[in-house]
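S.K.: Here is a sequence with its predicted model. Questions after.
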Amino acid sequence: MTKRTLALAVALSLALAGTLRAHGDFTHVLGTVTAMDATHVEVKTKAGKTVSVKLTEATKFTKDGAAAAAKDMQVGQRVSVEAKGHADALEASEVKLGVVPKPAAAK
């Protein structure tokens, strides 16, 4: 019984370690685009913090699982950014474009 418990614990530890490392050394930035240009995007997170991420020619853009381009990104759009580096020098590897909220109807 002890060997079985030990084997189960080892297997579970290995499975969890793989899951935790699944995204490697990427930083995930989730939020709303507040500003952008050809070289960077600023994202306001749910916590209210604005994060600046550098864009390069190697940065991939996707929308709904299909290829997209930087020109498809808009202020107010929800994004998910996978970036390399540290908080003060993030470089986007991939930007997943989400929805753009519709303007509120005038009353």
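M.R.: Yep, it's here.

S.K.: and the gap between Ser52 and Pro103?
M.R.: 26 Å (C-beta to C-beta, to the nearest Å). C-beta coordinates here come from the backbone N, C-alpha and C atoms, glycine included.

S.K.: Need the residue closest to the centroid of the protein.
M.R.: Val81 (2.9 Å; C-alpha atoms, centre = their mean).

S.K.: Now that one: closest residue in space that isn't a chain neighbour?
M.R.: Val29 (4.2 Å; C-beta to C-beta, 6 or more residues apart in numbering).

S.K.: where does this protein dip in pLDDT?
M.R.: In the prediction, the chain carries residues with pLDDT under 70 at positions 1, 3-24, 104-107.

S.K.: Among Ser52 and Pro103, which residue is more densely surrounded?
M.R.: For Ser52 versus Pro103, neighbours defined as other C-beta atoms under 10 Å are more numerous around Ser52 (16 against 7).

S.K.: OK, contacts around Val33?
M.R.: Val33 makes contacts with 41-43, 73-79, as judged by C-beta atoms under 8 Å, 6 or more residues apart in numbering.

S.K.: repeat that with 6 Å
M.R.: The contact partners of Val33, by C-beta atoms under 6 Å, 6 or more residues apart in numbering, come to 41, 75, 77, 79.

S.K.: Widest-spaced pair of the residues you listed?
M.R.: For the contacts of Val33, the maximum inter-member distance is 10.9 Å, found between Val75 and Val79 (C-beta to C-beta).

S.K.: quick one, which of those two is more surrounded?
M.R.: Residue environment comparison for Val75 versus Val79 gives the larger neighbour count to Val79, 22 against 12, counting by other C-beta under 10 Å.
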